[in-house]
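Asks: Need a 3D model of the following:
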Amino acid sequence: MSRDPIERDKLKPRFWEKKKLADLSKKEWEALCDGCGKCCLNKLEDADTGKVHLTRVACRMLDDETCRCTQYPIRHQFVPECIVLKPSNLDDHAYWMPQTCAYRLLWEGKPLYDWHPLISGRAESVHEAGVSVYQMTVSEFETPEDDWEDHIIEEPL
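Replies: This next block holds a predicted model:
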């Protein structure tokens with residue numbers, strides 16, 4: 001694993017427990033990302049039930065060795081539909097986010113898991129806990145959309 005690209009230093013301890021999501025600074029908001037990579041998986045939504053299923057089929061920008069977007073700052077040039085998650089649109093997107101995602105957990109009023117880097121102090125803890133997409137994805141370019149159902153994964157990982 002490479003160095004954690006998310007700045008987590010000099011943040012107040014357990015800031016997420018003391019502030020509303022809408023009141024977080026940009027650095028605090030970004031630090032909530034656990035680096036699992038699951039938000040970059042293609043999803044299938046059941047039209048009848050509305051249930052969202054994650055698949056192993058990864059966005060073309062995801063590197064499953066680092067569980068990071070290879071072009072994060074300019075990703076919209078390549079994937080215009082990529083969501084920029086922010087407090088103002090979390091209500092619209094939380095339902096499809098991974099069950100272990102810090103943004104979803106806090107939105108639901110739940111605590112972060114002990115393996116979250118903000119608690120463990122280590123970016124690798126998410127991978128060691130087995131809740132990231134580390135080395136488990138297939139390419140969206142090599143996987144026809146008709147076959148995505150064959151790659152549904154159960155949550156939580």
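
Asks: Would you mind checking the average pLDDT for stretch 62-82?
Replies: The pLDDT scores in stretch 62-82 average 94.

Asks: That one: end-to-end distance?
Replies: End-to-end span of stretch 62-82 (CA to CA, to the nearest Å): 12 Å.

Asks: got the contact list for that stretch?
Replies: With contact meaning CB atoms under 8 Å, 6 or more residues apart in numbering, stretch 62-82 is reached by 1-2, 5, 35-37, 40-41, 58-61, 84, 126-127, 132-137. No exception for glycine: its C-beta is placed from N, CA and C like everyone else's.

Asks: which stretches of this protein form helices?
Replies: All helices of the chain, identified by DSSP state H, fall at 15-18, 26-31, 75-78, 90-93, 102-107, 117-120, 125-128.

Asks: Save these as TSV, and put in mean neighbour count and distance to D146 too.
Replies: Below are those laid out as TSV (neighbours: other CB atoms under 10 Å; distance: least, CB to CB, whole Å):
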stretch	mean neighbour count	distance to D146
helix 15-18	14	40
helix 26-31	15	36
helix 75-78	12	23
helix 90-93	12	26
helix 102-107	20	29
helix 117-120	18	37
helix 125-128	20	31
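
Asks: re the thing from before, which of the contacts of stretch 62-82 count as buried?
Replies: Listed as buried from these are 35-37, 40-41, 58-59, 61, 126-127, 132-134, 136-137; burial here means 16 or more other CB atoms under 10 Å.

Asks: Which pLDDT value belongs to the residue at minimal distance from the centre of the chain?
Replies: Geometric centre of the chain, nearest residue: C39, 3.8 Å, by CA atoms, centre = their mean. Turning to C39, the model gives it a pLDDT of 95.
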